[in-house]
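*Asks:* Next come a sequence and a model predicted from it.
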Amino acid sequence: MSALTVWAPEGIGEVVPGDDLVELVGAALAGEQPWGAPRDGDVVVVTSKIVSKAEGRVVAAADREAAITAETVRVVATRQHPGGVTRIVENRLGLVMAAAGVDASNTAAGTVLLLPLDPDVSARRLRAGLQQRFGARLGVLVTDTAGRPWRHGQTDLAIGAAGVTVLDDLRGQVDSHGRPLEVSMAAVADEIAAAAELVKGKATGRPVALVRGVGHLVTEGDGPGARAVVRLGPGDMFALGSEEAYAEGWKDAVSRADGVEGPPVPRPGA
């Protein structure tokens, strides 16, 4: 039998810059819980908001757009709507998401939350402290919420990881009919992050979850982190939004029709 169990403990209040996340998360997990103390193979999933707050990534911003611009490396697409403009961008972490991950919710008026400077490092630090506290081999994920192309709604995904296999590479194996698997790579860290969000929620004051039943994905070492999931450069088939790609193609076509010789307009990230 295979089973997955996910819990979200209470006991973590408002996090402020300088707070010891290992202590806060550890105390919440060590409380009177039906699942007992964390044990070998468990994965602790932590919302990036409390990581950002503890690390002092709260900044004053009368204009959220300026903060988004500062975090942006490359604009993928922009769309105007009655409420303003949505920007899908690549941020300094290599993540492609709306508003560069800058968040104005669950933070004081006049401030915004930036993503952690390095979520993988944050996850490693949390893992080291929690493993020492509980004497168990644990995995840690730091998560954030993002939309997905061609799908309504948002889901949580892993932006930081330590001690967790982030991609389950099935290439070279065979399916139940003996056919070779050539491209199958399960984004298991993102799947764990999404499962944890079902019990954490957005407004419940439960920013941490414990996932049990995926011990085969918990590793001895910290591993490459969630950065290994990011796909940019030549492998990025969606480097631009449709309107932006059309505009670039039109620009290239017009320049060639005018007799201006030169290479095609390069695709961003290529």
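*Replies:* Done, it's in. These numbers were taken from a predicted model, which means no experiment stands behind them. Residues are numbered from 1 along each chain as shown.

*Asks:* Look up phi and psi at the residue nearest the centre of the chain.
*Replies:* Most central in the chain under CA atoms, centre = their mean is Ile159, positioned 2.9 Å from the mean C-alpha point. When read as degrees, to the nearest 10, the backbone of Ile159 gives phi -110, psi -10.

*Asks:* tell me the average confidence for stretch 236-255?
*Replies:* Averaging pLDDT along stretch 236-255 gives 77.

*Asks:* quick one: the helices in the protein?
*Replies:* For the chain, helices defined by DSSP state H occupy the ranges 21-30, 48-54, 64-71, 119-134, 188-200, 242-257.

*Asks:* Please compute how far the first one lies from its chain's middle.
*Replies:* Put simply, helix 21-30 sits 21 Å off its chain's centre (CA atoms, centre = their mean, to the nearest Å).

*Asks:* helices or strands up against that helix?
*Replies:* Applying 3 or more CB pairs under 8 Å, 6 or more residues apart in numbering; DSSP states H and E, one finds that helix 21-30 contacts strand 43-47, helix 48-54, helix 119-134, strand 208-212. Bear in mind the C-beta positions are built from the backbone N, C-alpha and C, glycine included.

*Asks:* With the second one instead?
*Replies:* Contacts defined by 3+ CB pairs under 8 Å, 6+ apart place helix 48-54 against helix 21-30, strand 111-113, helix 119-134, strand 139-148, strand 151-162.

*Asks:* With the fourth one instead?
*Replies:* Under the contact criterion of 3+ CB pairs under 8 Å, 6+ apart, helix 119-134 touches helix 21-30, strand 43-47, helix 48-54, strand 139-148, strand 151-162.

*Asks:* let's see 6 Å
*Replies:* Using 3 or more CB pairs under 6 Å, 6 or more residues apart in numbering; DSSP states H and E, the elements in contact with helix 119-134 are helix 21-30, strand 139-148, strand 151-162.

*Asks:* Can you pull out the low-pLDDT segments for the stretch 151-270 of the chain?
*Replies:* Applying pLDDT under 70 to the stretch 151-270 of the chain flags residues 169-184, 202-203, 257-270.
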